[in-house]
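**Student:** I would like the atomic coordinates for the input below:
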Amino acid sequence: TDESRPFTIDAMLSNANNNQNSGKNLNKENSQQQQQQQQQQQQQQQRDRLIKPIDLSITATDTSSPINEQTASLSSSSSTLPAAAALNFFHMKNMFELTVESARLREKQLENEIVDLRTELTKEQDCRQKLEHDILEMRRVRSVLVKKLKRLNRSSLTTGNRSNSNGGTKNESS
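**Tutor:** Here you go, the predicted structure:
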């Protein structure tokens with residue numbers, strides 16, 4: 001009957017655990033992919049701002065009349081300058097906006113890193129304080145043990161001297 005049912009309960013539970021673990025990994029990957037997609041979308045929007053077509057209709061001149069034919073070259077070149085300046089202005093404006101947006105994103109990343117580092121620093125400081133407390137406690141215990149050892153040594157020396165002076169038969173303790 002086991003061959004007809006290839007999935008035992010243990011196999012199904014193991015498979016379910018594997019699916020949960022892979023689901024967690026997929027969630028991490030999906031969130032990273034979503035962040036990357038958002039960044040790409042923001043960058044694309046910024047590029048789109050830079051590539052926006054500008055209406056250059058102000059440079060068009062009417063050359064149908066004979067009088068305008070003579071001045072067409074002068075008027076077209078003189079009207080092209082403001083259009084070029086406007087184009088240059090919008091291009092620079094978009095570049096500044098892109099730079100500001102990039103700086104804001106970087107600022108957010110740095111703020112997150114600062115928060116993480118502060119959290120890590122706080123944990124390390126807590127661990128250091130605990131270690132310092134443990135060291136002080138160990139020193140206190142050590143000093144108590146040293147004092148007891150000195151007392152024992154003194155008492156053994158004094159009891160040894162007393163037993164020697166009394167013929168070595170008495171054994172007193174303090």
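
**Student:** any idea of the mean pLDDT for the longest helix seen in the chain?
**Tutor:** Taking DSSP state H as the assignment, the helix of the chain that covers the most residues is helix 66-165. Helix 66-165 comes out with an average pLDDT of 85.

**Student:** Over to stretch 46-53?
**Tutor:** When pLDDT is averaged over stretch 46-53, the result is 65.

**Student:** in what helix or strand does residue 29 lie?
**Tutor:** Per DSSP states H and E, residue 29 falls inside helix 9-51.

**Student:** Check which helices and strands the longest helix of the chain is in contact with.
**Tutor:** With contacts taken as 3 or more CB pairs under 8 Å, 6 or more residues apart in numbering; DSSP states H and E, helix 66-165 sits against helix 9-51. All C-beta spots, glycine's among them, are computed from the backbone N, C-alpha and C.

**Student:** show me what contacts residue 14?
**Tutor:** Residue 14 sits next to no residue when contact means CB atoms under 8 Å, 6 or more residues apart in numbering.

**Student:** ok, now how distant is it from residue 136?
**Tutor:** To residue 136, residue 14 is 50 Å away according to CB to CB, to the nearest Å.

**Student:** Over to residue 154?
**Tutor:** Distance from residue 154 to residue 136, counting by CB to CB: 27 Å.

**Student:** Could you do residue 93 as well?
**Tutor:** Distance of residue 93 to residue 136, given as CB to CB: 63 Å.

**Student:** Equivalent analysis for residue 45, please.
**Tutor:** As judged by CB to CB, residue 45 and residue 136 stand 59 Å apart.

**Student:** cool, residue 43 as well?
**Tutor:** Using CB to CB, residue 43 is found at 55 Å from residue 136.

**Student:** okay, those two: which has more neighbours?
**Tutor:** residue 43 (14 against 10; other CB atoms under 10 Å).

**Student:** ok now do that one, which residues does it touch?
**Tutor:** Neighbour list for residue 43: empty [criterion: CB under 8 Å, 6+ apart].

**Student:** distance of residue 36 from residue 116?
**Tutor:** 20 Å.

**Student:** ditto for residue 103
**Tutor:** Between residue 103 and residue 116 the computed distance is 20 Å (CB to CB).

**Student:** try residue 128
**Tutor:** Separation of residue 128 from residue 116 (CB to CB) stands at 19 Å.

**Student:** where's residue 124 relative to residue 90, distance?
**Tutor:** Counting by CB to CB, the gap from residue 124 to residue 90 is 50 Å.

**Student:** more neighbours, these two?
**Tutor:** Taking other CB under 10 Å, residue 124 and residue 90 do not tie; residue 90 has more neighbours (14 against 10).
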